[in-house]
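Novice: Predicted model follows, preceded by the sequence.
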Amino acid sequence: MPDLARPPQIDAMAIAPDDDVAVALRDLEARERVSVRGDVIEIRTPIARGHKFAVRPIRQGAPVRRYRAPIGLALQDIAPGDHVHVHNVRTGLAGEKAYRFAPRGDMGQQTLPTAPAPARSFEGFVRPEGAVGTRNELWILPTVGCVGRLGERLAQSANLLRPHGVDGIHAFNHPFGCSQLGADLDGTAAILASLACNPNAGGVLLLGLGCESNQLDALLARIPPARRDRLAVLRAQGEQDEFAAGQALIADLLARMAQDRRESVPLSALRLGLKCGGSDAMSGLTANPLIGLMADAVTQAGGAAILTEIPEIFGAEHLLLERAETKAVFDRLSALVNGFKRYFIEHGEPVSENPSPGNIAGGITTLEEKSLGAVQKGGLASVRDVIGYGERISGPGLTILEAPGNDAVSTTALAAAGATLTLFSTGRGTPLGSPVPTMKIASNSALAQRKPGWIDFDAGQVLSQGMDAAAAALLETIIAAASGAPARNEVNDERAIGIWKRGVTL
């Protein structure tokens, strides 16, 4: 993680003394001379903001280092001041790897220059099972896409008469639940059942058709009894007027939810989802390490943080593996990483089929570089657990969750795992929202200024005010959102789910 307690040089930044590259903090012209860690570098070709240039000679075939680690291999000799990008660097990733358990402990977790994290609190909804929600909402979850529109119509109708104390009524349509087999169907059922357990849902209507593969009774069996007091079930084929029946069930749930009240709870009750999307080269300098400090603050207080996007760990998995608390956790994480690589290979795709075109335009060159920036969202906490897609976290600390990098799929998986608020860093911008508040953290101030309707927090201020000040400000913003202040995705009514489909369709 870069040391940004003080504002850096205004022209360019390198993270570590042994890094081979620096990132331009503004557009640089050829023959400009810029200072990087006390060395003056003459720029040989124009460098766009967020792109990299060499700060020392790099020989053809040699590793190119950023974040104190290789981000790829040089395709040719690279001179100081040269642009370093996809034209002269290639990935070094291949297939599966053999990993060796060599833990490094908690790596001396950082703390924020504010009141001690355990003393912080927010106003949340305490559920009977002990979990705490940041919202009191009614969620309509269809078992199958055939009744998805029915759920949306029920939500629209119920919102017209929503009682005080209920934050919203939302239906989460999807096209799955039938014509699926085996593990593919199991994944759909698991994600829906786990969403029904999220503490932000003060009430849940499970909406089935009747003939679908994703049968309601089997889905109900996945939900703990403690959650069923606020759960209603509608089988559309068994009702003469399914809409009226749905309205009656919703009215009963809302009457009970209207009695719920926010109360002061410690920061340990918060469950943070950690996500990035539309990243640029600034993400690893500002937004992602800033989110990592938030993950550390919450986990140190006894709360939970959940990190996912396994393909965006490739090339940086060693940073998480060495923080595994036990050999069992290490084994599960190494198997998860290798299993995801095998998933790519078995489908005829290289494990390095990333970054995206938007990432490349923003200055990210290889998947290793993207991953080394992305894993910083997990802070410095020990890895306490590793869970599969559709599973729920079992306790506090940092949990690694199986899910792909796709924004809709991974944010849904985070909510299903139990996240009650998700921090989503972005360098390019996105309006996307998940079932829980999905706060967008801009990696650069230009994006925050250009898209204020999307962005909840400007991490570009790290470069002007320093990491400590930005971290203190973001923590206050998170506490306000957890206490009910709407995130931009909520203001814009941007809420959706994405389900990871992996099998054949009948």
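Specialist: Cool, the structure landed.

Novice: who are the neighbours in contact with A236?
Specialist: With contact set as Cβ atoms under 8 Å, 6 or more residues apart in numbering, A236 has these partners: V147, L150, L207, G208, L209, G210, E242. Placement of C-beta: from N, CA and C, glycine included.

Novice: Which ChimeraX command selects the buried ones in these?
Specialist: Only the buried entries of the contacts of A236 go into this ChimeraX selection, using 16 or more other Cβ atoms under 10 Å:
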select :147,150,207,208,209,242
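
Novice: Next step: the contacts of A236 restricted to helices.
Specialist: Counted as lying in helices by DSSP state H, out of these, are L150, E242.

Novice: Got the domain ranges for the protein?
Specialist: 12-90, 123-263, 272-491 (automatic domain parsing).

Novice: what mean pLDDT does the last one have?
Specialist: Read that as domain 272-491. Averaged across domain 272-491, pLDDT comes to 95.

Novice: The lengthiest strand in the chain - contacts with which helices or strands?
Specialist: Longest strand of the chain, by residue count under DSSP state E: strand 201-208. Here strand 201-208 touches strand 137-142, helix 148-159, helix 216-220, strand 231-235, helix 242-257, going by 3 or more Cβ pairs under 8 Å, 6 or more residues apart in numbering; DSSP states H and E.

Novice: Need the winner for burial among the domains of the chain.
Specialist: domain 272-491 (a mean of 22; mean count of other Cβ atoms under 10 Å).

Novice: Please compute how far that one lies from its chain's middle.
Specialist: 4 Å (Cα atoms, centre = their mean, to the nearest Å).

Novice: what do you get for stretch 84-101?
Specialist: How far stretch 84-101 lies from its chain's middle: 23 Å, per Cα atoms, centre = their mean.

Novice: Could you write out the alpha-carbon coordinates of that stretch in CSV?
Specialist: The C-alpha trace of stretch 84-101 is given here as CSV (Å, rounded to 0.1, in the frame of the first residue of the first chain):
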residue,chain,number,x,y,z
VAL,A,84,5.2,1.9,-20.6
HIS,A,85,2.0,0.2,-21.7
VAL,A,86,0.6,-2.7,-23.8
HIS,A,87,2.9,-1.9,-26.8
ASN,A,88,6.0,-2.8,-24.8
VAL,A,89,4.9,-5.0,-21.9
ARG,A,90,3.2,-8.4,-21.8
THR,A,91,1.6,-10.4,-19.0
GLY,A,92,3.6,-13.0,-17.2
LEU,A,93,0.6,-15.0,-16.1
ALA,A,94,0.2,-18.6,-17.2
GLY,A,95,-1.9,-21.4,-15.6
GLU,A,96,-2.3,-22.9,-12.2
LYS,A,97,0.5,-22.6,-9.6
ALA,A,98,1.7,-24.6,-6.6
TYR,A,99,1.6,-22.4,-3.5
ARG,A,100,3.4,-22.9,-0.2
PHE,A,101,2.0,-21.9,3.2
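
Novice: about what we covered before: any chance of the domains of the chain in JSON lines, with distance to W500 too?
Specialist: Formatted as JSON lines, these follow (distance: least, Cβ to Cβ, whole Å):
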{"stretch": "domain 12-90", "distance to W500": "28"}
{"stretch": "domain 123-263", "distance to W500": "6"}
{"stretch": "domain 272-491", "distance to W500": "5"}
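
Novice: quick one: which of the ones you listed is nearest K501?
Specialist: Closest to K501 of those, according to Cβ to Cβ: domain 123-263, at 6.2 Å.

Novice: Give me the mean pLDDT for the closest one.
Specialist: The model assigns domain 123-263 a mean pLDDT of 97.

Novice: so how far does that domain reach from one end to the other?
Specialist: In domain 123-263, first residue to last residue: 5 Å (Cα to Cα, to the nearest Å).

Novice: hmm, who's touching the biggest helix by length in the chain?
Specialist: If you go by DSSP H, the chain has its longest helix at helix 327-346. Applying Cβ under 8 Å, 6+ apart, the set of residues contacting helix 327-346 from outside is 95-97, 99, 101, 103, 310-311, 313-314, 317, 320-321, 324, 350-351, 353, 383-386, 400, 402.

Novice: Dump that helix to PDB, restricted to CA.
Specialist: Taking C-alpha atoms only, helix 327-346 is exported to PDB below (Å, rounded to 0.1, in the frame of the first residue of the first chain):
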ATOM      1  CA  LYS A 327      -3.400 -23.600   6.800                       C
ATOM      2  CA  ALA A 328      -7.000 -24.600   6.200                       C
ATOM      3  CA  VAL A 329      -7.900 -21.000   5.000                       C
ATOM      4  CA  PHE A 330      -4.700 -21.000   2.900                       C
ATOM      5  CA  ASP A 331      -5.600 -24.300   1.200                       C
ATOM      6  CA  ARG A 332      -9.200 -23.100   0.400                       C
ATOM      7  CA  LEU A 333      -7.900 -19.800  -1.000                       C
ATOM      8  CA  SER A 334      -5.200 -21.400  -3.200                       C
ATOM      9  CA  ALA A 335      -7.700 -24.000  -4.400                       C
ATOM     10  CA  LEU A 336     -10.200 -21.200  -5.200                       C
ATOM     11  CA  VAL A 337      -7.600 -19.300  -7.200                       C
ATOM     12  CA  ASN A 338      -6.400 -22.300  -9.100                       C
ATOM     13  CA  GLY A 339      -9.900 -23.500  -9.700                       C
ATOM     14  CA  PHE A 340     -10.900 -20.200 -11.200                       C
ATOM     15  CA  LYS A 341      -7.800 -20.400 -13.500                       C
ATOM     16  CA  ARG A 342      -8.900 -23.900 -14.500                       C
ATOM     17  CA  TYR A 343     -12.400 -22.600 -15.300                       C
ATOM     18  CA  PHE A 344     -10.800 -20.200 -17.800                       C
ATOM     19  CA  ILE A 345      -8.500 -22.800 -19.300                       C
ATOM     20  CA  GLU A 346     -11.200 -25.400 -19.700                       C
END
